[in-house]
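Novice: sequence below, structure please.
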Amino acid sequence: MTRPNFRSTLVLAGALAAAATLAGCREEKAEETVDHVRPVKPLPITAGDETRLIRYSGSVRARVETALGFRVPGKIAERRVDIGGRVEAGQMLARLDPTDLELALKAAEANVAAARSREKVAEDGLARARALNAKGFVADANLDRAKLDADQASASLEAAVSSRDQAANQMAYADLKADAAGIVTDIRADAGQVVAAGTPVVFLARDGAKEVAIAVPEQDVVHFAKDQTVDVRFWADADLRLPGHVREIAGAADPASRTYAVRVTLPTDAPVRLGMTATVEAKVPVAVGSVVVPLSALTEDAGKPQVWIVDTASATVAPRAVTLGRVAPDGVRILDGLKPGERIVTAGVQFLTPGKKVALPADAAAPAH
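Specialist: Sure, this is the predicted structure:
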């Protein structure tokens, strides 16, 4: 029996291994030379809208909101209303301690009585002086002095009467009354507090027209104009939509928020309550011819934005520089570089190269609408 040659076996095994390695390298090189066709999702470009919708939130307010306060200083004796309470015209809201005002009125009345007595004495003296002067017993100078005393007494009486009437008015001012029907929205002082004249005590939202107060930044306030019609929606009732009219636009921005206060008037029969959250919607113009593309479609070359245009005939892509506009709710606006009817790649743009073959969906050859 012939024994196998061990050296020959080793040589044969080595040759087989080398052949296998060489074959593997050739397969890897073949795979590297294959250019993968990447599937893409083309987006047809359509003509951009000439308007865009802006929304700003605010709250329902009364058109007339009054801060009511006492016209005289004093100590608050009682408060008769609460926040949210409804009041009628003439209803008492709060009252001051009238002690000092009563004393001032009594003093004024006493001054009137004294002035009236002085006037009576002066008039009697003038009457005597006239009678004696007519008989030649009193000189004309004495008669003139009597007339002057009578005039001074009459003027003093008028001043005393005015002071008494003023004191009486101040007594009435001790009662803070509503000047119109409405709802109490805030209270800034309570019983026992000493307030100065004019200090706001009760805030009253008058009945009547209701408005929505919003704050608009300076880049959009130019799109609002007086008497402009807008739509108003409400968070409490998603189905309620009312027409509103811009009544007032602040002439200067708020120094803290840098926004402009805008008031939108609601219909007189609007079924809304004060304080409800509202959203004001308005259509404003945008750059003519601009289109919106998703952010995923954008890339850049040397710091300049670009998109990838799809050639549906050859199934290839090519870069295109674009000019960006403002950010839109669903992407960014393109002011220049794209035309309606073209298609762009919206995903995987970082893997594309000029002229690269791509796989398009079955409906990609259809014309864009």
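
Novice: who touches residue 331 in this structure?
Specialist: 292, 293, 294, 295, 297 (CB atoms under 8 Å, 6 or more residues apart in numbering). (Each C-beta comes from the backbone N, C-alpha and C, glycine too.)

Novice: let me know the pLDDT of the nearest residue to the last one once chain neighbours are set aside.
Specialist: Right, the one you point to is residue 297. Leaving aside its chain neighbours, residue 297 sits nearest to residue 346 (4.6 Å; criterion: CB to CB, 6 or more residues apart in numbering). Looking at residue 346, its pLDDT stands at 84.

Novice: residue 346 contacts residue 292, correct?
Specialist: No: using CB atoms under 8 Å, residue 346 is not in contact with residue 292, being 12.0 Å away.

Novice: what ranges does the stretch 1-150 of the chain have for its strands?
Specialist: With DSSP state E, counting those that start in this stretch as the criterion, the stretch 1-150 of the chain has strands at 38-39, 42-44, 51-62, 65-68, 74-79, 86-87, 92-96.

Novice: cool, the stretch 151-300 of the chain as well?
Specialist: 175-177, 182-187, 194-195, 202-206, 210-217, 229-234, 237-249, 259-265, 277-285, 291-293, 299-301.

Novice: each with direction, which strands does the shortest one pair with?
Specialist: Take DSSP bridges as the rule and strand 194-195 pairs in its sheet with strand 74-79 (antiparallel).

Novice: okay, now the unreliable bits of this structure?
Specialist: Counting by pLDDT under 70, the chain has low-confidence residues at 1-36, 47-50, 286-290, 362-369.

Novice: can you pull up the most central residue in it?
Specialist: The chain has residue 215 as the residue nearest its centroid, 1.8 Å off, counting by CA atoms, centre = their mean.

Novice: my guess is it contacts residue 58. True?
Specialist: Yes: using CB under 8 Å, residue 215 is in contact with residue 58, at 7.3 Å.

Novice: for the helix ranked longest in the chain, packing partners?
Specialist: Identified as the longest helix of the chain according to DSSP state H is helix 99-135. Under the contact definition 3 or more CB pairs under 8 Å, 6 or more residues apart in numbering; DSSP states H and E, helix 99-135 sits against helix 140-173.

Novice: could you check the angle strand 92-96 makes with the helix it packs on?
Specialist: 120 degrees (axes from the mean of the first three to the mean of the last three CA atoms, to 10 degrees).

Novice: if we can go back for a sec, distance of the residue nearest to the centre of the chain from residue 250?
Specialist: Applying CB to CB, to the nearest Å, the value for residue 215 to residue 250 is 9 Å.

Novice: common neighbours of the two, please.
Specialist: Counting by CB under 8 Å, 6+ apart, the residues touching both residue 215 and residue 250 are 260, 261, 262.

Novice: most neighbours out of these, which is it?
Specialist: residue 262 (24 neighbours; other CB atoms under 10 Å).

Novice: you'd agree it is up against residue 211?
Specialist: No: Residue 262 is beyond contact range of residue 211, at 9.7 Å (criterion: CB under 8 Å).

Novice: related to what we said a few turns ago, can you lay out the strands of the stretch 1-150 of the chain as JSON lines showing mean neighbour count and distance to residue 231?
Specialist: Converted to JSON lines, the strands of the stretch 1-150 of the chain look like this (neighbours: other CB atoms under 10 Å; distance: least, CB to CB, whole Å):
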{"stretch": "strand 38-39", "mean neighbour count": "12", "distance to residue 231": "43"}
{"stretch": "strand 42-44", "mean neighbour count": "19", "distance to residue 231": "30"}
{"stretch": "strand 51-62", "mean neighbour count": "16", "distance to residue 231": "9"}
{"stretch": "strand 65-68", "mean neighbour count": "16", "distance to residue 231": "24"}
{"stretch": "strand 74-79", "mean neighbour count": "17", "distance to residue 231": "41"}
{"stretch": "strand 86-87", "mean neighbour count": "15", "distance to residue 231": "30"}
{"stretch": "strand 92-96", "mean neighbour count": "20", "distance to residue 231": "37"}
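
Novice: need these in TSV (columns: distance to residue 303).
Specialist: Listed next are those as TSV, based on distance: least, CB to CB, whole Å:
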stretch	distance to residue 303
strand 38-39	25
strand 42-44	24
strand 51-62	28
strand 65-68	53
strand 74-79	67
strand 86-87	64
strand 92-96	66
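
Novice: who wins for proximity to residue 245 among those?
Specialist: In terms of CB to CB, the element of those nearest to residue 245 is strand 51-62, at 14.6 Å.

Novice: tilt between the closest one and strand 259-265?
Specialist: 70 degrees.

Novice: other residues contacting strand 51-62?
Specialist: Contact partners of strand 51-62, identified using CB under 8 Å, 6+ apart, comprise 182-183, 185, 205-216, 220, 223, 262-264, 266, 272-286, 328.

Novice: which outside residues touch stretch 122-129?
Specialist: By CB under 8 Å, 6+ apart, stretch 122-129 touches 138, 142, 143, 146, 147, 149, 150, 152, 153, 154.

Novice: among those, which ones are buried?
Specialist: 138, 143, 146, 149, 150, 153, 154 (16 or more other CB atoms under 10 Å).

Novice: one step back: may I see the ChimeraX selection of the buried members of the contacts of strand 51-62?
Specialist: This is how ChimeraX selects the buried members of the contacts of strand 51-62, with burial counted by 16+ other CB under 10 Å:
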select :182,183,185,205,206,207,210,211,212,214,215,216,262,263,264,266,272,276,278,279,280,282,286,328
